[in-house]
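Chemist: For reference, the sequence and a predicted model appear below.
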Amino acid sequence: MDKEELKEKTENITNTDSISGEENKAKEELNQKDGEESSNVEKEEEKKLTSEEEIETLKDKLARTFAEMENQRRRFEKEKEDAYEYGGYSFAKEALNLLDNLERSKAALENDDNLKSTEALKKIVDHLNIINDDMLSIFKKNNIEPIKSIDQKLDPNLHQAMMEIEDESKEPGTIVQEIQKGFMMKDRLLRPSLVGVSKRKVEEIHKNEQKDEKSQ
């Protein structure tokens with residue numbers, strides 16, 4: 001093979017490789033364009049879905065905001081009502097100490113051997129009773145009233161049992177002694193009553209236990 005033929009063949013191969021490379025390049029560009037177009041379509045679809053989701057999200061946020069505003073309004077109304085109804089709760093609770101001190105003072109004077117059966121003691125006790133009644137009247141005008149205790153069944157929500165007292169005339173658990181008076185402010189407990197409750201005698205309990213054993 002001479003030099004010219006070899007040169008010609010070499011040029012043909014080079015041209016063929018060049019054409020193939022251009023074709024491959026064109027195909028790659030075409031595939032890339034197709035990929036970009038499909039990607040753009042997907043992005044547009046995603047944008048459409050995202051917009052719908054955003055609208056739903058905004059609706060949900062708006063509904064939550066209105067709900068929270070309504071809850072805050074209700075809380076404010078409740079706090080305002082409580083402030084009006086129970087604004088003097090702490091003051092009233094502290095003021096009960098005055099009644100306790102009056103009761104203690106009266107009891108101390110009545111138990112004083114030097115003052116018993118004297119006219120001076122009678123006058124002092126009368127004055128203390130007037131003050132006590134006036135305070136109870138003021139409390140009542142402000143919806144603060146004493147809790148009923150004596151002869152009532154023990155209620156853990158209102159009474160606090162401090163002792164048990166043997167008493168056959170009362171059902172067990174009946175309040176027979178009031179150690180400290182309890183008070184309510186409307187439907188709210190200011191303080192519980194400190195009380196003593198009845199219980200059966202020990203002998204009677206043993207008798208009942210023996211009867212139960214015999215019946216078994």
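Modeler: Everything's here; your move.

Chemist: contacting residues around the closest residue to residue 193 other than its chain neighbours?
Modeler: Leaving out its chain neighbours, the residue that sits closest to residue 193 by CB to CB, 6 or more residues apart in numbering is residue 182, at 3.2 Å. For glycine as for every other residue, the C-beta is placed from the backbone atoms N, C-alpha and C. Residue 182 sits next to 146-147, 149, 158-159, 189-194 when contact means CB atoms under 8 Å, 6 or more residues apart in numbering.

Chemist: Please pick the buried ones from these.
Modeler: Among the contacts of residue 182, those buried by neighbour count (16 or more other CB atoms under 10 Å) are 146-147, 149, 158-159, 190-194.

Chemist: next one: phi and psi at residue 164?
Modeler: Main-chain dihedrals, residue 164, degrees, to the nearest 10: phi -120, psi 140.

Chemist: Does it touch residue 200 like I think?
Modeler: No. With contact defined as CB atoms under 8 Å, residue 164 does not reach residue 200; the gap is 9.7 Å.

Chemist: need the helices for this protein, in chain order.
Modeler: 3-86, 89-110, 119-141, 202-215 (DSSP state H).

Chemist: ok, residue 164 and residue 200, which is more surrounded?
Modeler: Per other CB atoms under 10 Å, whichever of residue 164 and residue 200 has more neighbours is residue 200, with 17 against 14.

Chemist: List the residues that contact the nearest residue to that one once chain neighbours are set aside.
Modeler: For residue 200, ignoring the flanking residues on the chain, the nearest one in space by CB to CB, 6+ apart is residue 172 at 5.8 Å. Residues in contact with residue 172 (CB under 8 Å, 6+ apart) are 197-200.

Chemist: mind checking pLDDT for residue 133?
Modeler: Listed pLDDT for residue 133 reads 93.

Chemist: now swap in residue 125 and tell me
Modeler: Note for residue 125: predicted pLDDT of 91.
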